[in-house]
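Colleague: I need the structure of the sequence given here:
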Amino acid sequence: MRMSVEQPLWRALSAYRLLTMVYAVLLFVYERQRFERPWVAAGFLAVLAVWTLATLPRVANAESCTRRFLVADLTVALTGILLTPLADAHAQQIDEPTLPSIWTAGSVLAFAVKGGWRWACVASSFVAVANLVERAHPSRDTFHNVLLVWVASIAIGYVVEVARASERTLARALEIEAATRERERLARDIHDSVLQVLAMVQRRGTALGGEAAELGRMAGEQEVALRTLVSSGLVPATRASEDAARGPGAAGGGEKPPERPELCDLRSLLAPYAGSKVTFAEPGAPVLLDPGAAGELAAAVSAALDNVGRHAGAGARAWILVEDWPEEVIVTVRDDGPGIPEGRLAQAEGEGRLGVALSIRGRLRELGGTAELVSVPGQGTEVELKVPRGRGKAAR
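Modeller: Numbering: from 1, shown residues only. A predicted model of the protein is given here:
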């Protein structure tokens, strides 16, 4: 589960309450001779110590720190302030610390962390009134301390509200990013299957004529409609994107992460593409990658070869070169076709033809790699696919 950004504040508050409780007790032990009724102070501090220790789980997180607890906690603090003159009658004149001392600030801060600056304002106002009532003649130091607690608690409450808003914004951004990645994956799958089949039906139907030409025309219309849908981002995201946004462990509490799959030899995935018009050059040793990364890289190569078959002409030849470097794996697909005219890729993407944008560059971007395309009219096209070793290869 993803830890809340405010969780460290709850831990700090628990430590603060514990330390200030010990400080209040030690302060009484050190100055007990000045109390006219030490049994009153001792009784209250005993209650304070028991209350602080017993309620430590209550200030562990926002769920356990309920409104009822906050009211009771503030009541303990206010009671200690108002009992101070009864235990030490001279405390009003010589501006001595109250019985709970700085422990009171912890009670106010709990309101701030739980409910934000408005709750902190209410709680600190009650503490301010109690301190002014406890002092028969409030001094400048009294006003100073009251104002300090009031301002500090409100500031912390405001910071907590900002942190919560930022956390919600981040969670929403992660959901959008996961949904976008899923849409891109679905768009690539659609391009590599449905769109290419529709385009083939259109070409074959036009060539055959007759009723087949009408089927080809209808397939062409559906291809255009589907390309528009894909390029507009209306392809729905799946449940996988929601699980990805929630992060590890969100789908099922306490489930163990899946074991790392065995490495895959990229050569075995690319070798079937070799043929009379495609030459495949590979290293002598296995090119081991994570199966998912190897599959995406092979699909990008397939898309590049499909572009060669569709745009380079029937007699065009292609070459696949695999390079296995310590830091990255590079796969180069080169052909001897007529090349791509300048501006053609941008025009195709604007028309919804996303073969290079999604099937090639999109896949490599998902792997943390790059896809560079170099084409000179009349001299063929070269596509260089790079996958960083840290992303594409699992740890041995």
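Colleague: going forward, measure contacts between C-alpha atoms and count neighbours the same way
Modeller: Noted.
Colleague: Spatially central, which residue of this protein would that be?
Modeller: Leu174 (4.9 Å; CA atoms, centre = their mean).
Colleague: Now name the helix or strand holding that residue.
Modeller: Using DSSP states H and E, Leu174 falls within helix 140-190.
Colleague: And that helix, what does it pack against?
Modeller: Helix 140-190 is packed against helix 103-115, helix 117-134, helix 239-246, with contacts defined by 3 or more CA pairs under 8 Å, 6 or more residues apart in numbering; DSSP states H and E.
Colleague: got the ones you listed as JSON lines, with mean neighbour count and mean pLDDT columns?
Modeller: Shown next, in JSON lines, are the helices and strands packed on helix 140-190 (neighbours: other CA atoms under 10 Å; pLDDT from 0 to 100):
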{"stretch": "helix 103-115", "mean neighbour count": "25", "mean pLDDT": "89"}
{"stretch": "helix 117-134", "mean neighbour count": "20", "mean pLDDT": "87"}
{"stretch": "helix 239-246", "mean neighbour count": "16", "mean pLDDT": "40"}
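Colleague: To Arg365, which of those helices lies closest?
Modeller: Ranking those by distance to Arg365, with CA to CA as the measure, places helix 239-246 first at 17.1 Å.
Colleague: Could I get the helices and strands packed on helix 140-190 in TSV, plus columns for distance to Tyr16?
Modeller: Shown next, in TSV, are the helices and strands packed on helix 140-190 (distance: least, CA to CA, whole Å):
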stretch	distance to Tyr16
helix 103-115	7
helix 117-134	17
helix 239-246	32
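Colleague: returning to what we had before: give the rounded mean pLDDT of the helix holding Leu174.
Modeller: For helix 140-190, mean pLDDT is 76.
Colleague: Report the inter-axis angle for that helix versus helix 117-134.
Modeller: When axes from the mean of the first three to the mean of the last three CA atoms, to 10 degrees is applied, the directions of helix 140-190 and helix 117-134 differ by 170 degrees.
Colleague: Can you tell me how far the residue nearest to the centre of the chain is from Ala87?
Modeller: 57 Å (CA to CA, to the nearest Å).
Colleague: re earlier: of all the helices and strands packed on helix 140-190, which one is nearest Glu262?
Modeller: Distance to Glu262, taken as CA to CA, is lowest for helix 239-246 among the helices and strands packed on helix 140-190, at 22.2 Å.
Colleague: Now find how far off-centre the host helix or strand of Ala298 is within its chain.
Modeller: Assessed by DSSP H and E, Ala298 sits inside helix 291-311. Computed by CA atoms, centre = their mean, to the nearest Å, the chain-centroid distance of helix 291-311 equals 30 Å.
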